[in-house]
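Chemist: Attaching a predicted model along with its sequence, questions to come.
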Amino acid sequence: MNMVSLGSRSFQGRPVAAGRSGTIAALDVGSSKISCFIAKIEPGKLANGHAPVRVIGIGHQVSRGIRAGAVVDMDAAEEAIRVAVDAAERMAGVTIREVVVGFSGAEPKSQTVGVRASIAGGEVTDQDVSRLIHHAQMNFQPDGRDVMHAIPTNYSVDGSRGVRDPRGMFGEKLGVEVHMVSVLRGPLRNLELCIERCHLSVAGIAVSPYASGLACLVEDETDLGVAMIDMGGGTTSLGIFFEGAMVYCDSVSIGGNHITNDIARGLSTPLAHAERMKTLYGSALASPSDEREMIDVPQVGESDADSANHIPRSMLTGIIQPRLEETFELVRDRMEASGYGRLAGRRVVLTGGAAQLNGARELAARMLDKQVRVGQPVRLTGLADATGGPAFSTCAGLLTYSQISPLEAAGADDGAESAMPRGQFRRFGRWLKENF
């Protein structure tokens, strides 16, 4: 662990400003859809010190110009974002100027950085913690990458580890281990530019497994250990949470769109119909009736309904299952290689649009040898059934992130994201118990 001298600057991250009032907006830029939630911050305060949030505007649009979470066509992506935001604004009756953005591309990478410093005055203050986090970030300067999150996972005071919140404690030396999440700079800059072309400013950015975890996970899961798997259209993201903090994240470039493409190619059917077949008839596991149940499959370039093929449902399952098995194998391998897989214990939460596929939960449980549930947003009011499911977890979590991210910046003297996120879920757990 490096020894540093505490300076006056605080950690520079990608924060959401504290004390936000009025309305907040979340924008999830995915490979299959772009969704925007606008929420109203209600008067008063909850037990966790934050204002209650109610969703008042929802907009979503089929994604264009986005592949594997990254912008590949600036004009097409800009138009899709504009349509989704406009729909949310019309429903809410407000015009937004800034958004909190969810990001699933740019190859997120996790690394832990440890630093120590002498404590001036003996008592640990907010400023001590913030400056120490800043120096941890300064020791982590990956080439061609930007830091998205700096999440403390372990503190020590005078060499005594396992300290959860050092503020107010006395000692001579303060240490911290920080989980740094970085992404490729180019794709991140392109996304920011695309959003700015829509006349919106970026209030904050969060990687999708972090946002989805904030939306779906409960306090006991994040304390005891859990793996959050966000199954999007172009990527499948992994976040491992332990003792109230995200300690690892990663992603694989396979998602629900790859299943759709497999169906379209394997059955020579248009992409739109392949998506429809996946949604209505698709399954990750075979059933005894699959051979008897027949499905009509229109052919590419054929307008005559009589030219449609008729296939057993088992053929569709035979296309879907191998791709999902490959996805879960890659996720399992990443977990094992990371060294953090054991911290997740035996608990996995699936979310994202592809998690709704029939049999996905059962297949994940078999492939990962863990207990699996499908997660959906649990902490927001105002969501309809159609927009309160797993496909909208990241967008819902971004609204939560906009409210609790100031906790990550506790004591930062210029409003930067830095210091104290490990207690987020614990504070939310207390709030849930007291308010529901």
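Modeler: Everything's here; your move. Numbers count the residues shown, from 1 in each chain.

Chemist: my read: Y281 touches I319, true?
Modeler: No: look at Y281 against I319 with Cβ atoms under 8 Å: they stay out of range, at 11.2 Å. For every residue, glycine as well, the C-beta is placed using N, CA and C.

Chemist: Report the strands that pair with the regular element (helix or strand) spanning L350, each with its relative direction.
Modeler: Per DSSP states H and E, L350 falls inside strand 347-351. Taking DSSP bridges as the criterion, strand 347-351 sits next to strand 226-231 (parallel), strand 371-374 (parallel) in its sheet.

Chemist: Not counting its own residues, what contacts it?
Modeler: Residues from elsewhere that reach strand 347-351, judged by Cβ atoms under 8 Å, 6 or more residues apart in numbering: 212, 215-217, 221, 224-231, 360-361, 364-365, 368, 370-376, 390, 393.

Chemist: related to what we said a few turns ago, and of the strands paired with strand 347-351, who's closest to L200?
Modeler: Taking Cβ to Cβ as the criterion, strand 226-231 is the member of the strands paired with strand 347-351 that comes nearest to L200, at 23.4 Å.

Chemist: Can you tell me which helices and strands the next helix or strand after that closest one packs against?
Modeler: Using DSSP H and E, the next helix or strand after strand 226-231 towards the C-terminus is strand 236-242. The contact analysis (3 or more Cβ pairs under 8 Å, 6 or more residues apart in numbering; DSSP states H and E) places strand 236-242 against helix 208-216, helix 219-224, strand 226-231, strand 245-252, helix 313-338.

Chemist: The longest one vs strand 347-351, what angle?
Modeler: Relative orientation of helix 313-338 versus strand 347-351 (axes from the mean of the first three to the mean of the last three Cα atoms, to 10 degrees): 130 degrees.

Chemist: Just the buried residues of helix 313-338, please?
Modeler: Residues 313-317, 319-321, 323-324, 327-328, 330-332, 334-335, 338 are the ones in helix 313-338 that count as buried (16 or more other Cβ atoms under 10 Å).

Chemist: Check the second one too.
Modeler: Judged by neighbour count (16+ other Cβ under 10 Å), helix 219-224 contains these buried residues: 219, 221-223.

Chemist: got it, and the fourth one?
Modeler: Of the residues in strand 245-252, those with enough neighbours to count as buried (16+ other Cβ under 10 Å) are 245-252.

Chemist: Save these as TSV, and put in distance to G93 and pLDDT too.
Modeler: Formatted as TSV, the buried residues of strand 245-252 follow (distance: Cβ to Cβ, whole Å; pLDDT from 0 to 100):
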residue	distance to G93	pLDDT
A245	38	91
M246	35	95
V247	41	95
Y248	41	96
C249	36	95
D250	40	96
S251	36	95
V252	40	95
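
Chemist: can I have the strand or helix carrying H179 written out in PDB, keeping just the CAs?
Modeler: With elements taken from DSSP H and E, the one containing H179 is strand 173-184. This file holds the C-alpha atoms of strand 173-184, laid out as PDB (Å, rounded to 0.1, in the frame of the first residue of the first chain):
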ATOM      1  CA  LYS A 173      -2.500   6.500   9.800                       C
ATOM      2  CA  LEU A 174      -5.600   6.000   7.600                       C
ATOM      3  CA  GLY A 175      -5.600   3.400   4.900                       C
ATOM      4  CA  VAL A 176      -8.200   2.600   2.200                       C
ATOM      5  CA  GLU A 177      -8.600   0.000  -0.600                       C
ATOM      6  CA  VAL A 178     -10.600   1.500  -3.500                       C
ATOM      7  CA  HIS A 179     -12.300  -0.400  -6.300                       C
ATOM      8  CA  MET A 180     -11.600   1.600  -9.500                       C
ATOM      9  CA  VAL A 181     -13.900   1.000 -12.400                       C
ATOM     10  CA  SER A 182     -12.400   2.300 -15.700                       C
ATOM     11  CA  VAL A 183     -13.700   2.200 -19.300                       C
ATOM     12  CA  LEU A 184     -12.200   2.900 -22.700                       C
END
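
Chemist: and that strand, what other elements does it pack with?
Modeler: Helices and strands touching strand 173-184, by 3+ Cβ pairs under 8 Å, 6+ apart, are strand 109-118, helix 126-138, strand 145-157, strand 245-252.
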